[in-house]
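Colleague: One predicted model, sequence on top.
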Amino acid sequence: MTSQLIVGKELRRLGRGVIDLVRSRRLSQVGGGGVTRTYVAAFGIFCVLPIAATAALYYSIPSETLTTDPVRTLTVEQVRLPDLRGQMAAIEAVTDPISHEIFVREAETLTSLLARLQIKDVEARNFIVTSEEAKALVYPKEGQFVSAVAGEDGKLEELRLYMDSDISHEGSVLEVLRTAEGFTAKTKPYEYDTELTMANGVVSGSPDTSLLEAGVPAKIVEQMHSAFDFDHDVVSQLERGDAFRLIYETKFAEGSFVRHGRLLAMQLDHDGKTTELFRFDNDDAGGNFYDAQGNISRRTFMRVPLDVKSVTSEFSPLRRHPVTGVLRPHWGTDFRAPWGALVRAAADGTVQFAGVGTGYGKYIRLEHGPGIVSLYAHLSSIDAHIKKGVKVKYGEVIGRVGQTGLATGPHLHYELKIGKEQINPMTARLPDRKTLTPYQYAQMEVLIAPLRAKLARLQKLQVSALGVQNTSLQTN
């Protein structure tokens, strides 16, 4: 109980006692001899009560509540702010850099490339055109990855052209940088980040359409076909219900997707058999696909050196020429193909001739070893790098189909000569099997072991998923 409550209680008790005393003495009556002693005592008590109550209350209040607040004085001073208008103008004048990433399109030029990168910098363009180190940017190759950093005003700060290799993780990058002295250009090695991508599916229509619908990139589908000979292409033979499982590379540069790389492994279920192939590059032949026992998947000598398979005129010891009407031997095979179709080297070899002949028009002659020569005629064009003495690889593009020379329409005239004898490339027995050395086979075994394990897990998951799907269909 607080002191205030105690004082109040005692005052009430004292008040009631005084009232009782007055009543008992009848102080209110008149007469009886004047003011009595009791009356005086009561009057004194009534006078003392307020003073006592006030004193009690005062001394019952804690001392800290009686202190006065300190005096506060408000002082206002004028502060002069610095003039920031110059700094704000300088900040607004600075443009934030903007990054752009694109892929080179077909027939892209430097002008169109800079326009798509939103670069408006005449100084940078002139430097690239006149710089020997930056010449790869003048006519970039289709599919190359390009990144650039430029200001909001279109002024170039950085430009990079990534020139990767499908053979390894390594490639190179051409850098054009703005410095205080101007622009610099240099090419340096670059190692791409490579991830393994796995894909699987079941053929539901045409093989290529089913592969593309399953998310397999077109470049990987092309590599699947190239693993086989045209007349024994397991991919083209896939039918509805056949399954496929693939492992291929996906390349990244500085965190950005660049392109899909090499197809490393594939399993194809067809006609009750599973074809399992792995890419092995260290075979002294530019890389090929082999089965787990080290057997190459295709001939090393291409019988049809282009992507079109329609034969219009067979090899024949006697044929009437369609232009001159003269009966004479036809020492080769003609393949109908659209103008500009790609012509490829039938095997590894060296260019003996690349130019213009009389009846052949534009043609190329390759030597593939002692006494083995192939010839490609009536071309519309010969690739710029194909010159006498240049070495070419199996399947490398060397020219385009045309109608030059004595020809009634666009087609490829293809000849094969062994020794002094012209032979039929479609039926001849060719030196077309590649055998790995024991050392190469040992290398391949080590490289394909983890790929085989991944394919096995992929097959297990695929079979399980198909089983669940079939059960669901039966239930419904």
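Modeller: Structure's in. What do you need?

Colleague: Secondary structure class of the closest residue to residue 243 other than its chain neighbours, three-state.
Modeller: In this structure, residue 243 finds its nearest non-sequential neighbour in residue 269, 4.4 Å apart by CB to CB, 6 or more residues apart in numbering. Yep, even glycine has a C-beta here, placed from its N, CA and C like the rest. Classification of residue 269 using DSSP: H, G, I helix; E, B strand; the rest coil returns strand.

Colleague: now residue 447
Modeller: Under three-state DSSP, residue 447 comes out as helix.

Colleague: show me the contacts for the closest residue to it other than its chain neighbours.
Modeller: Using CB to CB, 6+ apart and skipping residues adjacent in sequence, the residue nearest residue 447 is residue 280, 6.8 Å away. By CB atoms under 8 Å, 6 or more residues apart in numbering, the contact list for residue 280 reads 287, 288, 289, 290, 436, 440, 443, 444, 447, 448.

Colleague: Make TSV out of these and add secondary structure, distance to residue 243 and pLDDT.
Modeller: Shown next, in TSV, are the contacts of residue 280 (DSSP: H, G, I helix; E, B strand; the rest coil; distance: CB to CB, whole Å; pLDDT from 0 to 100):
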residue	secondary structure	distance to residue 243	pLDDT
287	coil	26	84
288	strand	24	89
289	strand	19	94
290	strand	21	95
436	coil	28	86
440	helix	30	93
443	helix	29	95
444	helix	25	95
447	helix	24	94
448	helix	20	95
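
Colleague: okay but residue 454 is in contact with residue 198, surely?
Modeller: Yes: look at residue 454 against residue 198 with CB atoms under 8 Å: they come within range, at 6.4 Å.

Colleague: Find residues that contact each of the two.
Modeller: Counting by CB under 8 Å, 6+ apart, the common neighbours of residue 454 and residue 198 are residue 247.

Colleague: The stretch 201-350 of the chain: strands as residue ranges?
Modeller: 243-253, 256-270, 273-280, 288-290, 310-313, 316-320, 327-330, 333-336, 342-344, 349-356 (DSSP state E, counting those that start in this stretch).

Colleague: angle of the third one against strand 243-253?
Modeller: Pointing back at strand 273-280 there. 20 degrees (axes from the mean of the first three to the mean of the last three CA atoms, to 10 degrees).

Colleague: between strand 273-280 and strand 256-270, what angle do the directions make?
Modeller: Going by the same axes, to 10 degrees, strand 273-280 makes 150 degrees with strand 256-270.

Colleague: Got a PyMOL select line for the buried ones in the contacts of residue 280?
Modeller: To isolate the buried members of these in PyMOL, using 16 or more other CB atoms under 10 Å:
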select buried, resi 288+289+290+436+440+443+444+448
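
Colleague: Which two of the contacts of residue 280 have the greatest separation?
Modeller: 289 and 443 (15.2 Å; CB to CB).

Colleague: can you tell me which of the contacts of residue 280 lies nearest to residue 299?
Modeller: residue 288 (10.4 Å).

Colleague: What distance do you get for the closest one to residue 84?
Modeller: 70 Å (CB to CB, to the nearest Å).

Colleague: do the same with residue 124
Modeller: Taking CB to CB, one finds residue 124 at 34 Å from residue 84.

Colleague: With residue 238 instead?
Modeller: Relative to residue 84, and taking CB to CB, residue 238 is found at 72 Å.

Colleague: Residue 420 too?
Modeller: Taking CB to CB, one finds residue 420 at 92 Å from residue 84.

Colleague: ok, now residue 386?
Modeller: On the measure of CB to CB, residue 386 and residue 84 end up 67 Å apart.

Colleague: Pull the contacting residues for the nearest residue to residue 277 once chain neighbours are set aside.
Modeller: Once flanking residues are discounted, residue 277 sits nearest to residue 289: 4.3 Å by CB to CB, 6+ apart. The neighbours of residue 289, taking CB under 8 Å, 6+ apart as the test, are 227, 277, 278, 279, 280, 296, 297, 298.

Colleague: Quick check, pLDDT for the third one.
Modeller: Looking at residue 278, its pLDDT is 97.

Colleague: what sits against it?
Modeller: Contacts of residue 278 (CB under 8 Å, 6+ apart): 264, 265, 289, 290, 291, 292, 444, 447, 448, 451, 452.

Colleague: right, and the fifth one touches residue 273 too?
Modeller: No: assessed by CB under 8 Å, residue 291 is found out of contact with residue 273, at 11.8 Å.

Colleague: Read off the pLDDT value for residue 11.
Modeller: 60.

Colleague: Ok, residue 125 next?
Modeller: 94.

Colleague: cool, residue 224 as well?
Modeller: So residue 224 comes in at 95 (pLDDT).

Colleague: Skip the chain neighbours and tell me the closest residue to it.
Modeller: Residue 224 sits nearest to residue 235 (CB to CB, 6+ apart), 4.8 Å away.

Colleague: One more: residue 353?
Modeller: Per CB to CB, 6+ apart, closest to residue 353 is residue 365, 4.3 Å.

Colleague: show me the contacts for that neighbour.
Modeller: Residue 365 touches 351, 352, 353, 354, 373, 374, 375, 376, counting by CB under 8 Å, 6+ apart.

Colleague: ok, now how distant is it from residue 457?
Modeller: 49 Å.

Colleague: more neighbours, residue 386 and residue 84?
Modeller: Higher neighbour count among residue 386 and residue 84: residue 386, with 21 against 9, using other CB atoms under 10 Å.

Colleague: Ramachandran coordinates for the more buried one?
Modeller: Main-chain torsions, residue 386, degrees, to the nearest 10: phi -80, psi 100.

Colleague: Run the chain-centre distance for stretch 379-397.
Modeller: 32 Å (CA atoms, centre = their mean, to the nearest Å).

Colleague: Any buried residues in that stretch, and which?
Modeller: 379, 380, 382, 383, 386, 392, 394, 395.

Colleague: which element is the last one on?
Modeller: Taking DSSP states H and E as the definition, residue 395 sits outside all helices and strands.

Colleague: Just confirm it contacts residue 343, I think it does.
Modeller: No: with contact defined as CB under 8 Å, residue 395 does not reach residue 343; the gap is 10.8 Å.
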